[in-house]
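Visitor: Next one to model:
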Amino acid sequence: MIGLEQYLEALAEEEAPAMAVGGPSRRKTVGPRRAVPHRQNAAGVEDLSLDYQAVMAAAAEAGDDGLGARRAAVVLGWDSASASRVEGARARLKRLVERGWLVETKPGRFTLPTGQQADELVRPGGGS
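Guide: The predicted model follows:
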């Protein structure tokens, strides 16, 4: 109950300065930080953010063994001993699966879809 009261107070304080000035808040509207396009709607891996490109490269390097969340956290430059960071990496891997970029061959192991060339997925621009 106290947490809810504190939250409502903080929310009221946040809106108060904007109303005192007489205009809307100048804060940016929060939207999706990293949009991941569906594979069929993307020209190539270059449509992904740099973090997702790094994860795709690591998945290509892992080959048939697959990429795990702990290794993905390391690729992203995160502390792999932190459970929250590993779960964040797992969420990114799952998002890539949902969008058709990766497949989860067995629980916790993520690979490139069958028939996809690692070179065409991993090299930005599809060139050398």
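Visitor: Contact partners for Gly63?
Guide: Neighbour list for Gly63: Thr111 [criterion: CB atoms under 8 Å, 6 or more residues apart in numbering]. Every residue, glycine included, has its C-beta placed from N, CA and C.
Visitor: you'd agree it is in a helix?
Guide: Yes - Gly63 forms part of a helix when assessed by DSSP: H, G, I helix; E, B strand; the rest coil.
Visitor: if I look at it, how far off is Leu112?
Guide: Distance, Gly63 to Leu112, using CB to CB, to the nearest Å: 9 Å.
Visitor: Also Ala54?
Guide: Ala54 sits 14 Å away from Leu112, going by CB to CB.
Visitor: Check Ala58 too.
Guide: Going from Ala58 to Leu112 by CB to CB gives 11 Å.
Visitor: Compare Ala54 and Leu112 (neighbour count), which wins?
Guide: Leu112 (23 against 16; other CB atoms under 10 Å).
Visitor: Pop out the phi and psi values for the more buried one.
Guide: Leu112 adopts backbone torsions of phi -70, psi 150, taken as degrees, to the nearest 10.
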